[in-house]
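A.B. asks: Any chance you can model this:
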Amino acid sequence: MNKLLFFVAFLAFGFGFSQSKSSSDSLVIQDIVVTATKTKVSPKQIGRVVHVVDSADLQNMQGKNILEILKSVPGIEIGGSGNAFGSNFSIISRGGRNKNALVLIDGIPVFDPSQIENNYYDLNLVNPSSLEKIEVVNSGGSTLYGSGADAVVINLMTKKNYSNEKPLAQIGVSAGSFGTLDTHYSLGGKKDKLSYNFRGSYLKTDGISAINIAGSDPDLDGGDKHNLGVNFQYDLGKTKLFTDFNFNQIIAQYDAFFGDDKYTSQNKKHLVGLENTHGAGLFKATAQYLETQRDQSGEYTSRVYLGQAEEYFKFSEELDLLVGYELRSENYFANSSFSGVTSARENQFSSHQPYVQLQAKWKNLNLVSSARYVFHSAFEDAFVYHVSPSYLFKNIAKDTDLSIRSSLSTAYITPTLYQLFTDDLYTEKNPAEFSPENSLTLEGGISLYVGKKFTLNGTYFNRTTRDEILYRNGVYDENFSLVQRGMYFNSTGKNQYDGVEVDFQYKPFHFLSFGSSYTYTNLKNVQSVAQSLRIPTHKISGFVRTQPSKNLNVGLQYTYVDQREDQDFFTWPYPLVNLPAYHLLDFHSSYNINKNTTCFLMLNNLLNQNYQEVFGYQTKGRNFMLGLNFTF
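C.D. replies: Here you go, the predicted structure:
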């Protein structure tokens with residue numbers, strides 16, 4: 001009840017602030033982002049940095065997989081991005097891991113509740129050719145997106161092609177190292193009130209050997225991937241109806257502890273929704289069903305039902321309000337030598353979650369405040385909030401604006417169904433009640449904008465987590481016989497991380513652009529070794545792109561990752577090991593043969609670095625992809 005009263009009081013405070021009106025001039029919008037606020041807004045008007053990988057960036061990274069693309073985003077490290085096809089990976093940001101990162105597809109959360117890690121979505125299933133752009137917010141977002149939106153939110157925004165009156169067809173084919181063949185195709189257009197888009201892709205590779213340790217017998221661990229998708233939109237004027245269906249499947253070979261094995265994962269996503277514009281407001285409702293099936297030493301099936309309804313009110317140029325309500329239901333079924341047979345009915349929970357956001361402006365001061373209240377079937381109610389004031393100094397020099405930013409946010413992470421209900425040979429069910437993990441993030445910084453040529457962002461963050469869910473390893477005797485099974489539990493202490501994120505982009509001429517980013521992560525207080533693995537203290541990225549001629553584009557991408565601590569999971573009792581620092585240099589070039597045909601060349605790891613992102617697992621040496629894209 002106290003949490004609910006706090007929720008109501010929070011709304012009253014935010015609304016009271018926002019009643020102040022201003023006649024300040026509108027900002028000149030250079031770019032529009034949506035992920036930070038769920039509304040179209042200029043980056044200058046929010047207190048957090050949103051990094052955008054747009055369609056031009058994606059074209060300049062053709063030949064890379066989605067993990068390699070995300071590795072180039074400031075503030076993010078992807079452990080495992082260079083490993084064998086279909087390998088597990090870690091999204092590392094601000095000391096957080098996969099459970100602290102939430103993936104969205106077109107603004108709606110996607111995840112697999114049967115996984116051990118919270119909020120895990122297998123990004124290996126994604127083909128970058130289906131994406132229009134990516135938005136990344138390195139900050140808490142639980143007030144808008146719910147569980148898991150803690151350290152980073154990654155929004156994958158797919159291509160629609162709804163504006164083309166004539167059908168637009170695109171076909172791409174590329175081939176390269178390790179016997180890799182990648183093809184993709186799409187057809188989109190508009191006929192009267194109906195817009196449509198069909199898309200698909202197929203990738204196969206012979207791969208590399210997954211494991212690289214002394215005494216291992218290297219072999220090729222390849223596989224293939226299929227993606228199919230279709231979406232429609234029907235325009236009734238003020239009301240738009242839309243639907244989307246996606247099927248994704250990956251089959252990958254991997255080196256298991258007891259020999260080679262095969263991993264199969266597939267998901268089906270159905271989405272229906274509507275948008276209605278009325279006056280200066282907008283109503284949007286969506287219903288999404290996501291089913292994931294995995295076969296890896298057992299069969300696992302999870303289902304997520306997620307419904308949302310949102311009303312957006314634009315009262316004036318100085319004030320707008322977003323009110324939303326979300327329903328979630330999650331269940332999973334497991335049948336394996338580890339989990340036995342578990343009823344899907346027993347392994348489920350649900351929640352309903354109202355949320356609200358206010359955006360207010362007063363002269364050059366901007367305030368974004370939001371809150372969410374969570375009614376959960378398996379835990380006590382939860383309340384999270386976010387307050388983000390910023391101040392924009394306009395024209396401090398010619399065409400130069402300076403934004404002073406700050407943000408205070410809380411986030412929560414619910415335990416997975418796997419953590420709650422697993423009771424098998426190696427793990428026993430914890431009889432105690434679990435609490436969601438929770439975090440508090442404080443950040444502040446500046447952003448400098450010089451026309452459309454130069455942008456600089458600098459951010460300091462301090463992130464504290466409590467009630468983290470850890471795993472107590474099982475106890476074995478001298479004969480390696482199990483004496484006591486392992487167990488998941490809530491920790492009682494806290495973890496603290498702080499650091500700095502700096503990035504800039506500069507385009508001095510129309511034919512030349514370059515940029516760089518630096519991330520410093522300090523593990524101030526960490527309770528367990530598992531929470532510090534593979535997190536680099538320093539990471540540096542940089543790029544330069546040039547257009548020597550009208551039809552030719554050339555670019556270089558550089559990445560430095562500092563040494564990290566890992567565990568040797570091949571040797572009992574899993575001693576700590578050091579992963580050396582490494583440098584990566586990639587080259588990309590594309591050429592417009594004619595208005596309908598483009599070719600590209602991607603050369604990765606030009607320096608042929610022998611490095612490890614996960615101890616004992618091999619990464620790709622120097623490799624290439626060569627491709628052609630056709631538009632009709």
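A.B. asks: tell me which helix or strand of this protein sits lowest on mean pLDDT?
C.D. replies: helix 2-18 (a mean of 42; mean pLDDT, DSSP states H and E).
A.B. asks: Am I right that Ser129 falls within a strand?
C.D. replies: No - read with DSSP: H, G, I helix; E, B strand; the rest coil, Ser129 is helix and lies in no strand.
A.B. asks: Where does the nearest residue to it once chain neighbours are set aside sit: helix, strand or coil?
C.D. replies: Spatial nearest neighbour of Ser129, excluding adjacent residues (C-beta to C-beta, 6 or more residues apart in numbering): His184 at 3.9 Å. For every residue, glycine as well, the C-beta is placed using N, CA and C. Following three-state DSSP, His184 is assigned to strand.
A.B. asks: so His184 bridges to which residues?
C.D. replies: According to DSSP bridges, the partner residues bridging His184 are Gly172, Ser201.
A.B. asks: try Ser390
C.D. replies: Asn366, Arg405.
A.B. asks: With Thr459 as the reference, measure out to it.
C.D. replies: Here Ser390 is placed at a distance of 12 Å from Thr459 (C-beta to C-beta, to the nearest Å).
A.B. asks: quick one: common contacting residues for these two?
C.D. replies: Both Ser390 and Thr459 are contacted by Arg405, under the criterion C-beta atoms under 8 Å, 6 or more residues apart in numbering.
A.B. asks: just to revisit the earlier point, residues touching the residue nearest to Ser129, list them.
C.D. replies: Residues in contact with His184 (C-beta under 8 Å, 6+ apart) are 127, 129-130, 170-172, 199-202, 227.
A.B. asks: swap in His588?
C.D. replies: Contacts of His588 (C-beta under 8 Å, 6+ apart): 60-63, 553-557, 600-603.
A.B. asks: one more time with 6 Å
C.D. replies: 60, 555, 602 (C-beta atoms under 6 Å, 6 or more residues apart in numbering).
A.B. asks: Check Tyr460 and give its pLDDT.
C.D. replies: Looking at Tyr460, its pLDDT reads 98.
A.B. asks: Check the one 10 residues further on too.
C.D. replies: The pLDDT attached to Leu470 in the predicted structure is 86.
A.B. asks: Just give the nearest non-adjacent residue to it, would you?
C.D. replies: Nearest residue to Leu470, sequence neighbours excluded (C-beta to C-beta, 6+ apart): Ser491, at 5.2 Å.
A.B. asks: And for that neighbour, the neighbour number?
C.D. replies: By the criterion of other C-beta atoms under 10 Å, Ser491 has 16 neighbours.
A.B. asks: Test my guess that it contacts Tyr471.
C.D. replies: No - contact between Ser491 and Tyr471 fails when scored by C-beta atoms under 6 Å: they sit 10.6 Å apart.
A.B. asks: Quick check: phi and psi at Gln115.
C.D. replies: phi -70, psi 160 (degrees, to the nearest 10).
A.B. asks: Look up how far Phe313 lies from it.
C.D. replies: 38 Å.
A.B. asks: More neighbours: which of those two?
C.D. replies: Legend: neighbour count by other C-beta under 10 Å for Gln115 and Phe313, higher for Gln115 (22 against 16).
A.B. asks: on that earlier part again, most neighbours among the contacts of His588, which one?
C.D. replies: Met602 leads the contacts of His588 on contacts (other C-beta under 10 Å) with 24 neighbours.
A.B. asks: Name the residues linked to Phe587 by a beta bridge.
C.D. replies: Bridge pairing for Phe587 - DSSP bridges - gives Leu556, Leu603.
A.B. asks: Next: the one 4 residues further on.
C.D. replies: Beta-bridge partners recorded for Tyr591 (DSSP bridges): Leu552, Cys599.
A.B. asks: Leu552 is in contact with that one, correct?
C.D. replies: Yes - applying C-beta under 6 Å as the test, Tyr591 and Leu552 come out as touching, 5.3 Å apart.
A.B. asks: Any quick ChimeraX command for the buried ones out of the contacts of His184?
C.D. replies: Only the buried entries of the contacts of His184 go into this ChimeraX selection, using 16 or more other C-beta atoms under 10 Å:
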select :127,129,130,170,172,199,200,201,202,227
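A.B. asks: Include distance to Lys190 and pLDDT when you put the contacts of His184 into JSON lines, please.
C.D. replies: Formatted as JSON lines, the contacts of His184 follow (distance: C-beta to C-beta, whole Å; pLDDT from 0 to 100):
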{"residue": "Asn127", "distance to Lys190": "24", "pLDDT": "92"}
{"residue": "Ser129", "distance to Lys190": "21", "pLDDT": "92"}
{"residue": "Ser130", "distance to Lys190": "19", "pLDDT": "92"}
{"residue": "Gln170", "distance to Lys190": "16", "pLDDT": "93"}
{"residue": "Ile171", "distance to Lys190": "20", "pLDDT": "96"}
{"residue": "Gly172", "distance to Lys190": "22", "pLDDT": "96"}
{"residue": "Arg199", "distance to Lys190": "16", "pLDDT": "94"}
{"residue": "Gly200", "distance to Lys190": "20", "pLDDT": "96"}
{"residue": "Ser201", "distance to Lys190": "23", "pLDDT": "96"}
{"residue": "Tyr202", "distance to Lys190": "27", "pLDDT": "97"}
{"residue": "Asn227", "distance to Lys190": "23", "pLDDT": "96"}
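A.B. asks: which residues touch Val103?
C.D. replies: 110, 121, 154.
A.B. asks: Can you give me the distance of the first one to Arg472?
C.D. replies: Okay, so that is Val110. Taken as C-beta to C-beta, the span from Val110 to Arg472 is 30 Å.
A.B. asks: Then the second one?
C.D. replies: For Tyr121, the distance to Arg472 under the criterion C-beta to C-beta works out to 27 Å.
A.B. asks: before we move on, the earlier item: export the contacts of Val103 as TSV, with columns for distance to Gln419.
C.D. replies: Putting the contacts of Val103 into TSV (distance: C-beta to C-beta, whole Å) gives the following:
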residue	distance to Gln419
Val110	19
Tyr121	17
Ile154	23
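A.B. asks: Give me the lowest-pLDDT entry from the residues you listed.
C.D. replies: Tyr121 (91).
A.B. asks: Can you list phi and psi of the most centrally placed residue in the chain for me?
C.D. replies: Compute the mean C-alpha point of the chain, and by C-alpha atoms, centre = their mean the closest residue is Ile154, 2.9 Å away. According to degrees, to the nearest 10, the main-chain angles of Ile154 amount to phi -120, psi 110.
A.B. asks: is it true that it touches Val136?
C.D. replies: Yes - in this structure Ile154 lies within contact range of Val136 using C-beta under 6 Å: 5.4 Å.
A.B. asks: Could you pull out the helices in the stretch 301-450 of the chain for me?
C.D. replies: Remark: helices assigned in the stretch 301-450 of the chain by DSSP state H, counting those that start in this stretch are 417-421.
A.B. asks: Counting neighbours, what do you get for the nearest residue to Lys240 once chain neighbours are set aside?
C.D. replies: Once flanking residues are discounted, Lys240 sits nearest to Glu275: 4.7 Å by C-beta to C-beta, 6+ apart. By other C-beta under 10 Å, the residues close to Glu275 number 18.
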